[in-house]
Every structure is written in C-alpha cells, then in structure tokens.
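# Sequence and predicted structure are below.
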Amino acid sequence: MQKKRKESKLHRHNLEERRRILAGTRRRKKAKLHQHTAAERRRIRDRERRRGRKGKDGYTRKVDNTMKGFGETDFKKKVIRINKSKKKNKRKGEILDTIVHEEQHRIHPGMKEKNIKKTLTPFTQRYRVGRWLQSICGIGPVLSAGLIAHLDVRNRPTAGHFWRFAGLDPTVVWSKGERRPWNAKLKTLCYKIGESFVKTQSRATDYYGKLFRERKDQEIKKNDLKEFSDQADARVSTVSKSTDAYKFYSIGLLPPAHIHARARRWVVKIFLSHLHHVMYVDAYGVEPPVPYVFEKCPGDHSHFIALPNWPFEGGGEQLYVA
C-alpha cells in the first residue's frame, strides 16, 4: 500500500521533476553505503562483484560459487565464470590456475582444453626473465606467467617491496576494517611455489628445495632448544585444546606444520629476492642496491646466497623498459 502511494505521488509531478526526484533517491541510496560497517560494506561489494563487471574486451567476469567446476567460458554470451568457494577438496592455488586457464580460453576460443597451458610457454619464453624462471627446477610456464603478471620491478629498488606485496613481511598487519595490505593472488602463487620446491628437493637439478631442507633442519634444532617458546606461548591461546598443535604449543614448542611453513616461507623469500635481482638487472642493466643489513649489520646478516643459473645467457627480450 505504501509503495502504491509513493508511485501515485510521483506521477503528480511533470517529467523533469520526476527525474530530479529519482536522481535524489539514487544519491541517497549511494550515501547509505557509508552508514554501514566495514563488514557490511565488504558484503555489499562482494555481492556487486558476483554480478560481474564487463571488461574492455566485451567479456563479463563473474564469481559463481554454486557451479560444480572451477571455471567456465560462455563464448556466445561473453561471460567468464569462476568458482572461488573454499571447499576441502579444492587445493590452495587452483583458483589462480583457473583464472589463467579461462583467460586463455577467451584469447584462443577454438583451442582444445589440453593445449591451453601450452600457450603460456611461448609467452614466458619470449622474455629473458621468463626463460630464467623456467630454468629453475620446480617453476613451469603457469607459475612463470603468474609471477611476470604480478611483479613489476620499476620503482621497487629492493626485494622487500616484493616480500610485502606478496604478504611475506611479518611486520605488516591487516587490521579489521582496513584494506588488505598485500596481493592475495600473489600470496597464493608463492604458496604454490614453496610447495613445488618441497616436492622437487630430491632431484639432481634442484636448488631451492635443498635450501628448504637445510633451513628446516636448522628450524627443528632451534625448536628442540625451545628458542621459539615465546612464539609458542603467543599461539597457544589461538588453537583448540583438542588439536595436535596445542600439545606442542603448551610445552613451548612449535608443531611440525608450523616449522614446515616457516622454512617454506623463508625459501620463497630467498627466491623472490633472486627474482628481484634478475628483474632489476634486466630492466636497468646494473646490479640492484646492496641491502641495508649487508652494509650496517656485518656478521651473520651479510651472508649472500648466490643466484642459480646466473649470469644467465639464455637470450630473450627485455621485460620492462625502465
């Protein structure tokens, strides 16, 4: 009844007045968004993102967590749907593969499913940085394409910029109601890279997997000496008493999964610092600035881990023109 009254009042005005009234209603509706809490605003924006946005290429990209598969491309309607639901049977990082996969479907609509990933190889092999990446044991065309797409060395003189953008800087805290201070897709990609190094550590051509094994052995020895007891005391209240992690935290030790994650993050940071070195030399033709700790904190902090397959003589084009 109230809606009918509102419509009847609207028809009393002429065309220009009705337009002005409707425009004012839209402005008030937009202003109401600022009256919500940060969590409510995120839910509203997520709902709008699920409806999809049309890109310059004419394709609308939507998030559809109800679909059975990971992704789907409709060439007639020009719609790309991605399933981002966090299910138990979906491994971490498969969402990134799906996005890259469906974008390749858009670029090559007539290509068969099994040949989609093959298109990433000529893209990464075109550049000197991509060729160096694929010379590393455990790094393939998909991981190389993801790193090239996310990382830009211009105006980033140190590897710390890469660490922070990838969510690997422990000093950065994501407070409630604030925007995420790192790139979630790049962080997922770094997780996949770390696990790839773990799986390839037994190969003869491996480099970073062996660094992971050495670092993990060091972490285990320190953990047995209870050098991480302060971290264990801080984490004991965050886990359930029925978990295996609580058994370790309660006695001042870090659980095996925590030690594994620490070593994995460390080797990924070493890899990103090496990648930054390669990208910097490729863009500027000179060595990157020496890290601060190497100059001001001599001793154990000045240990330099050499880059594998460097200097690189595999050819390729320059990725960025600085």
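It's in. Numbers count the residues shown, from 1 in each chain.
# Let me see the ranges of the strands in the stretch 51-200 of the chain.
53-54, 60-63, 71-74, 79-82 (DSSP state E, counting those that start in this stretch).
# which one of those strands has the most crowded surroundings?
Highest mean neighbour count among the strands of the stretch 51-200 of the chain (mean count of other C-beta atoms under 10 Å): strand 79-82, with a mean of 20. For the C-beta atoms, the positions are set from N, CA and C on the backbone; glycine is no exception.
# what's the model's confidence in that one, averaged?
For strand 79-82, mean pLDDT rounds to 76.
# please begin residue numbering at 195 from this point
In the new numbering, first residue 195, that becomes strand 273-276.
# re earlier: any chance of the strands of the stretch 245-394 of the chain in TSV with distance to residue 508 as columns?
Formatted as TSV, these follow (distance: least, C-beta to C-beta, whole Å):
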stretch	distance to residue 508
strand 247-248	39
strand 254-257	35
strand 265-268	33
strand 273-276	34
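# Which helix or strand contains residue 472?
helix 450-478 (DSSP states H and E).
# I'd guessed residue 381 sits against residue 358; true?
No - at 10.9 Å, residue 381 does not count as touching residue 358 under the criterion of C-beta atoms under 8 Å.
# can you give me the end-to-end distance of stretch 329-342?
15 Å (C-alpha to C-alpha, to the nearest Å).
# picking up where we left off before, may I see the buried residues of the helix holding residue 472?
For helix 450-478, burial by neighbour count (16 or more other C-beta atoms under 10 Å) applies to 452-454, 456-477.
# per-residue confidence for the nearest residue to residue 430 once chain neighbours are set aside?
Excluding the flanking residues, the one nearest residue 430 by C-beta to C-beta, 6 or more residues apart in numbering is residue 443, at 3.9 Å. The score at residue 443 is 95. That number is its pLDDT.
# And residue 443, how far from residue 367?
From residue 443 across to residue 367, the span is 21 Å (C-beta to C-beta, to the nearest Å).
# Which one's more surrounded, those two?
residue 443 (23 against 8; other C-beta atoms under 10 Å).
# contacting residues around that one?
Applying C-beta atoms under 8 Å, 6 or more residues apart in numbering to residue 443 gives the contacts 426, 427, 429, 430, 433, 449.
# Export those residues as TSV, with columns for distance to residue 350 and neighbour count.
Converted to TSV, those look like this (distance: C-beta to C-beta, whole Å; neighbours: other C-beta atoms under 10 Å):
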residue	distance to residue 350	neighbour count
426	35	20
427	36	12
429	32	17
430	38	16
433	36	16
449	35	19
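# Report the two of those separated the most.
427 and 449 (13.9 Å; C-beta to C-beta).
# Run through this protein and note the low-pLDDT ranges.
The chain contains residues with pLDDT under 70 at 195-230, 242-251, 262-264, 278-312, 486-496, 515-516.
# ranges for the helices of the stretch 245-394 of the chain?
288-301, 314-319, 322-328, 335-344, 353-359, 378-393 (DSSP state H, counting those that start in this stretch).
# With respect to residue 260, which of those helices lies nearest?
Residue 260 sits nearest to helix 288-301 of all the helices of the stretch 245-394 of the chain, at 15.2 Å, using C-beta to C-beta.
# ok, now which ones touch the nearest residue in space to residue 466 that is not next to it in sequence?
Spatial nearest neighbour of residue 466, chain neighbours left out: residue 356 (4.6 Å); criterion: C-beta to C-beta, 6+ apart. Under the criterion of C-beta under 8 Å, 6+ apart, the neighbours of residue 356 are 345, 350, 466, 467, 469, 470.
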